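S.K.: Provide a 3D model corresponding to the input given below.
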Amino acid sequence: MFLWCLRGVASVILANNPLSGALILASLCWFSLWQALLGTLGVLVSTLTAVIIGQDSAEVSGGHHGCNGMLVALLMGVYTSAGDYYWWLLLPVCLASATTVFVFSGLSPLLDHWDMPVSVFPFNSVIVLYLLCTGPGNPYFPHHAITPPGVPDANNTKLSTAAMVRSIPLGVGQIFACDALGPSLLILGAVLLYSPLLAIHAMLGSAIGALAGESQTVC
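M.R.: Just a heads-up that it's a prediction; the model follows:
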């Protein structure tokens with residue numbers, strides 16, 4: 001069970017390696033103990049739920065269910081406006097993490113007909129439903145207001161090479177809702193441990209995303 005959960009942590013970034021999962025979990029503890037607690041609870045609840053309802057053993061041991069539970073737990077911690085160590089948040093985290101397993105189970109037979117993976121669709125579905133069912137004014141589970149960004153104002157910001165280089169590991173860390181450089185580098189190291197090629201792809205994707213975002217604000 002312990003190895004299954006670690007694989008679930010690493011499967012968020014497609015690294016099916018328990019050692020990579022342990023490093024990622026350590027990076028979350030470095031970044032925020034509260035976020036690490038939420039992520040651990042999410043992956044544990046979703047994995048246990050999958051075992052209890054009899055999901056495919058290969059999927060469970062490979063961390064396919066754990067990664068969705070972890071993602072939904074981390075994002076609920078990011079979106080909440082109640083602050084860290086709001087213990088009531090553990091209740092919806094457990095419910096949402098367990099729900100991702102049922103969504104995964106329901107979608108698998110449907111998407112198999114088109115040879116499409118379920119991937120993180122359960123996480124996306126559940127987190128959107130959670131945000132829709134609560135709201136900034138919810139007395140128990142408030143979250144930050146989510147408004148669409150407006151048209152960026154043209155400015156004379158110059159592209160900083162140092163800031164761009166720094167944004168590459170930070171972009172990788174954002175997969176786990178981590179915006180600190182040190183933990184993000186450790187997450188990148190965990191990916192590198194599993195697959196150097198995957199780490200290169202992660203850095204390329206992050207760099208392209210940063211350049212695309214910068215192009216929207218630099219005139």
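
S.K.: could you use CA atoms for every contact and neighbour count after this?
M.R.: Noted.

S.K.: which residue sits closest to the spatially most central residue of the chain, ignoring its sequence neighbours?
M.R.: Computing the C-alpha centroid of the chain and ranking residues by CA atoms, centre = their mean puts Leu71 first, at 3.7 Å. The shortest distance from Leu71 to any non-neighbouring residue, by CA to CA, 6 or more residues apart in numbering, is to Phe123 (6.5 Å).

S.K.: and the residue nearest to the centre of the chain, how far from Asn138?
M.R.: 22 Å (CA to CA, to the nearest Å).

S.K.: might you list the low-confidence residue ranges for this protein?
M.R.: Residues of the chain meeting the criterion pLDDT under 70: 147-159, 214-219.

S.K.: state which helix of it is the longest.
M.R.: Longest helix in the chain, counting residues (DSSP state H): helix 90-112.

S.K.: tell me the buried residues in that helix?
M.R.: Using 16 or more other CA atoms under 10 Å as the test for burial, helix 90-112 gives 90, 93-105, 107.

S.K.: closest to Asp84 among those residues?
M.R.: Using CA to CA, Leu90 is the member of those that sits closest to Asp84, with 11.3 Å.

S.K.: now do the contacts for the closest residue in space to that closest one that isn't next to it in sequence.
M.R.: In space, Leu90 comes closest to Leu38 once its chain neighbours are excluded; the distance is 7.4 Å by CA to CA, 6+ apart. Contact analysis of Leu38 by CA atoms under 8 Å, 6 or more residues apart in numbering lists 70, 73-74, 77, 90, 93.

S.K.: phi and psi next, for Leu38.
M.R.: phi -60, psi -50 (degrees, to the nearest 10).

S.K.: for Thr80, same thing?
M.R.: phi -60, psi 140.

S.K.: what's the burial count for it?
M.R.: For Thr80, the neighbour count with other CA atoms under 10 Å is 19.

S.K.: show me what it is bridged to.
M.R.: Taking DSSP bridges, one finds His143 as the beta-bridge partners of Thr80.

S.K.: got a list of what it touches?
M.R.: By CA under 8 Å, 6+ apart, the neighbours of Thr80 are 141-144.

S.K.: all helices of this protein, in order?
M.R.: Under DSSP H, the chain gives helices at 2-11, 18-31, 33-52, 57-61, 64-79, 90-112, 121-133, 161-173, 181-194, 196-215.

S.K.: name the stretch among these that sits most buried.
M.R.: helix 64-79 (a mean of 28; mean count of other CA atoms under 10 Å).

S.K.: next, the angle helix 90-112 makes with it.
M.R.: On the basis of axes from the mean of the first three to the mean of the last three CA atoms, to 10 degrees, helix 64-79 is oriented at 130 degrees to helix 90-112.

S.K.: tell me the angle helix 64-79 makes with helix 33-52.
M.R.: Using the same axes, to 10 degrees, helix 64-79 lies at 150 degrees relative to helix 33-52.

S.K.: other SSEs contacting helix 64-79?
M.R.: helix 2-11, helix 33-52, helix 90-112, helix 121-133 (3 or more CA pairs under 8 Å, 6 or more residues apart in numbering; DSSP states H and E).

S.K.: next, the angle helix 121-133 makes with it.
M.R.: 30 degrees.

S.K.: with adjacent residues omitted, what lies nearest to Gly63?
M.R.: Gly63 sits nearest to Gly8 (CA to CA, 6+ apart), 3.6 Å away.
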